[in-house]
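Peer 1: Please work out how this folds:
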Amino acid sequence: MVQVSDFHQLSDSLAVWQAYDHGLRSDLFATAIGTQSGVYLIDSIQLHDGSLEEWIGKRRPAGILIANTNHSRAAAEFSLDFETPIFSGAHARLETLLQ
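Peer 2: So this is what the prediction gives:
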């Protein structure tokens, strides 16, 4: 089970959040970067308190980035919620996200 514990707005264009995954016994981190072309979510973790949506505001989500297959996490949900594409390297295939 993943429990998000912290969302930090570091600037108008950068936010990070952290969660502890009890199953993996590991801290997970996610990042949101605001650019002129929109907001990119990197290795995203689902948030249920509205803090990410509040930070995004009126900006357009431009994409979901996945660093590797182990980081697919909430990419599929965010892609559907924000109607935005998923970008990943050769090691993180879309098929794995949709299973």
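
Peer 1: what's the longest helix along the chain packed up against?
Peer 2: The longest helix of the chain (DSSP state H) is helix 75-82. Counting contacts by 3 or more C-beta pairs under 8 Å, 6 or more residues apart in numbering; DSSP states H and E, helix 75-82 is packed against strand 61-66, strand 86-88. Where you see a C-beta, it was placed from the backbone N, CA and C, and this is true even at glycine.

Peer 1: Please repeat the previous calculation with a cut-off of 10 Å.
Peer 2: strand 38-42, helix 51-56, strand 61-66, strand 86-88, helix 94-97 (3 or more C-beta pairs under 10 Å, 6 or more residues apart in numbering; DSSP states H and E).

Peer 1: Tell me which residues touch W55, please.
Peer 2: W55 sits next to 7-9, 12, 14-15, 17, 32, 34, 39, 47 when contact means C-beta atoms under 10 Å, 6 or more residues apart in numbering.

Peer 1: ok, 6 Å please
Peer 2: With contact taken as C-beta atoms under 6 Å, 6 or more residues apart in numbering, W55 is in contact with 9, 15.
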